[in-house]
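*Asks:* Give me a 3D structure for the following:
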Amino acid sequence: MFSPALAFAFLAAVAAWSGSSAAAQDGNWWEGINSFGSPDYSGKRASLERTPPRKDDLNDLRPNDIPWRSDEMLRAMEDAIARYESIVNKGGWPIIPGNRMLRPGDDDERVGALRRRLMVSGELARSSSYNDYSFDSVVEQAVVRFQENNGLRTNGRVDQPTLAALNITAEERLSQLKLNHGRILELVQQAPEERYVLVNVPAFQLEAVERYQTVLRHRVIVGRNGRETPSLKAMIKNLNFFPFWRVPDSVAQLDVFPRLVKEPDYLAKEHIRVLSGDFNGPEIDPISIDWSQANAKVVKLKQDPGPQNALGLVRIDMQNEHGVYMHDTPMKPLFEQRARAFSAGCVRVQDVFQLVEWLAKYEPGWENPGQVQAVLDMGQALDVQLSRPVPVYFAYITAWAEPDGRISFRPDIYSRDGSAAMGEVIDPDAPPPPAQGLAP
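*Replies:* Model prediction:
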């Protein structure tokens, strides 16, 4: 049951929304917007008994071969912008009041506002009842679709992150679509390339494109706040198998040296050597160093190759002013988390050897599948210089559309979209982030 204050807030929110001139003219105005409520989702009414939350199926890679950087994407974005302009002109969608979770089996006045909200944005079919206060299986399925479209855990419940995303206004979403249309247009206006890699940082995924079609998609881990992965264009020129890791000065000074004050044996556990002057300098005894006073411009750290190496078993070299690159990682369970901003700025790639095989396939001796595995089986360091370097883009795209009409949004993890409401939402039920360590 509502408290009197919450009931008043609910009635005020619904009245403010439905009282707008456009909404008052036609309470079901969303039915007239092309493609809304389609396909016609249907399902049996739930028993309204409380059920455990759904398992979060991590299915966050885009479903087709159309690249972000494409005319098809621009056209889909333009259609999405037109749809959202119609939504805004008709009065937007209702705000769902309160902050208590809504879940399957609830019978709550706010479910009516939730139904209207999902009908407007298209996750709930227009044939559904919007005056029903029961959170049944049809509403649960619509919430799951909304969560998929917004990069949230697909538990079917209106938890705090889902409620925050639902209550971002239609005007803010329209502005986000327009901003990202501009970002994609800037990418499309670059000179065309037959092969390239694009990392969409806030979507935590990478696509490899060949002859204007996406041939590979990979989940990635990107930079955390304060160590953001930059937007850039570079060229992939080398593949380094079994690399040493030359710990960047910033990581050494900010992360490793303070840790060594508390854990002097950390270097031995991680197979890290201490060098004097530069990465080719003489090795020195770490016991002789006061780590609370160490200077990363003088004391260098280099990690030996192997399974413990922060770069994993391969590094994808792409020279750039930011000193970032892509690589393998020994911390593979992190790819199973939905939000993956954990690194110090570099990009870790899931199933990276598939990408490496694609990057190298036009090099002499690398034409046939299996060469990457053969190198790994040998266990010896090898540097492959690409005779045909591959362009790579690190992009920041927080909203896009698919040709089938589906529109996706992602949290603005680095606060570049201009609205605090679209920033990263803390999910209290998500797995804890990893302890900050060496990994770049």
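
*Asks:* what about residue 257, which helix or strand?
*Replies:* Secondary-structure assignment from DSSP states H and E places residue 257 in helix 257-262.

*Asks:* hmm, who's touching the helix or strand following that helix?
*Replies:* Next in sequence after helix 257-262, counting helices and strands by DSSP H and E, comes helix 266-269. Residues from elsewhere that reach helix 266-269, judged by CB atoms under 8 Å, 6 or more residues apart in numbering: 256, 259-260, 272-274, 286, 301. Where C-beta positions appear, they are placed from N, C-alpha and C, glycine not excepted.

*Asks:* ok, and the helix or strand in the chain with the lowest average confidence?
*Replies:* helix 21-25 (a mean of 45; mean pLDDT, DSSP states H and E).

*Asks:* Centre of the chain to the helix or strand following that one, how far?
*Replies:* Scanning forward in sequence from helix 21-25 by DSSP H and E, the next helix or strand is helix 71-89. Centroid separation for helix 71-89 versus its chain: 22 Å, with CA atoms, centre = their mean, to the nearest Å.

*Asks:* which two in the contacts of helix 266-269 are spaced the farthest apart?
*Replies:* Spanning the widest gap among the contacts of helix 266-269 are 259 and 273, at 16.2 Å by CB to CB.

*Asks:* okay but residue 305 is in contact with residue 243, surely?
*Replies:* Yes. With contact defined as CB atoms under 8 Å, residue 305 counts as touching residue 243 (6.1 Å).

*Asks:* which one of these two has more residues nearby?
*Replies:* residue 243 (24 against 19; other CB atoms under 10 Å).

*Asks:* now the more buried one, what's its secondary structure?
*Replies:* Here residue 243 is recorded as coil under DSSP: H, G, I helix; E, B strand; the rest coil.

*Asks:* quick one, what contacts it?
*Replies:* Contacts for residue 243 (CB under 8 Å, 6+ apart) come out as 305, 309, 311, 314-315, 327, 381.

*Asks:* confidence score at the residue lying farthest from the centre of the chain?
*Replies:* Going by CA atoms, centre = their mean, the residue of the chain most distant from its centre is residue 288, 43.0 Å out. Note on residue 288: pLDDT of 92.

*Asks:* still on that earlier bit, if I look at residue 305 and residue 243, which residues touch both of them?
*Replies:* With CB under 8 Å, 6+ apart as the test, residue 305 and residue 243 both reach residue 381.

*Asks:* Let me see the ranges of the helices in the protein.
*Replies:* With DSSP state H, the ranges of helices along the chain come out as 4-18, 21-25, 71-89, 110-121, 137-149, 160-166, 170-188, 249-251, 257-262, 266-269, 352-360, 371-378.

*Asks:* Hey, what's the angle from the last one to helix 352-360? Just curious.
*Replies:* Relative orientation of helix 371-378 and helix 352-360, computed by axes from the mean of the first three to the mean of the last three CA atoms, to 10 degrees: 120 degrees.

*Asks:* Show me what helix 371-378 is packed up against.
*Replies:* Contacts defined by 3 or more CB pairs under 8 Å, 6 or more residues apart in numbering; DSSP states H and E place helix 371-378 against helix 352-360.

*Asks:* Please state the mean pLDDT value computed over the helix it packs on.
*Replies:* 98.

*Asks:* can you check stretch 216-227 too?
*Replies:* The pLDDT scores in stretch 216-227 average 95.

*Asks:* just how off-centre is that stretch within its chain?
*Replies:* 7 Å.

*Asks:* Just the buried residues of it, please?
*Replies:* Within stretch 216-227, the residues that count as buried by 16 or more other CB atoms under 10 Å are 216-224, 227.

*Asks:* List the residues that contact residue 340.
*Replies:* 204, 219-222, 334.

*Asks:* can you do 6 Å?
*Replies:* Contact partners of residue 340, counting by CB atoms under 6 Å, 6 or more residues apart in numbering, are 204, 221.

*Asks:* next one: residue 377
*Replies:* By CB under 6 Å, 6+ apart, no residues touch residue 377.

*Asks:* could you measure it against residue 353, distance?
*Replies:* Using CB to CB, to the nearest Å, we find residue 377 at a distance of 12 Å from residue 353.

*Asks:* re earlier: now flag whichever of the contacts of residue 243 is closest to residue 145.
*Replies:* Set against residue 145, the nearest of the contacts of residue 243 by CB to CB is residue 327 (34.6 Å).

*Asks:* Neighbours of the closest one, how many?
*Replies:* 25.

*Asks:* got it, and residue 158?
*Replies:* Per other CB under 10 Å, the neighbour tally for residue 158 reads 27.

*Asks:* repeat for residue 373
*Replies:* Residue 373, neighbours per other CB under 10 Å, totals 11.

*Asks:* pLDDT score for it?
*Replies:* So residue 373 comes in at 95 (pLDDT).

*Asks:* Not including adjacent chain positions, what is the nearest residue to it?
*Replies:* Leaving out its chain neighbours, the residue that sits closest to residue 373 by CB to CB, 6 or more residues apart in numbering is residue 353, at 7.3 Å.

*Asks:* which residues are in contact with the longest strand seen in the chain?
*Replies:* Determined from DSSP state E, the single longest strand within the chain is strand 382-395. Outside strand 382-395, the residues that touch it by CB under 6 Å, 6+ apart are 193, 195-200, 229, 231-241, 318, 359-360, 362, 375.

*Asks:* same thing but at 8 Å, please
*Replies:* 68-69, 183, 187, 193, 195-201, 229-242, 318, 324, 326, 347, 359-360, 362-363, 366, 375.

*Asks:* Only the buried subset of those, as a PyMOL command please.
*Replies:* Entered in PyMOL, the line below selects the buried ones among the contacts of strand 382-395, by 16+ other CB under 10 Å:
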select buried, resi 68+69+183+187+195+196+197+198+199+200+201+229+231+234+236+237+238+239+240+241+242+318+324+326+347+359+360+366+375
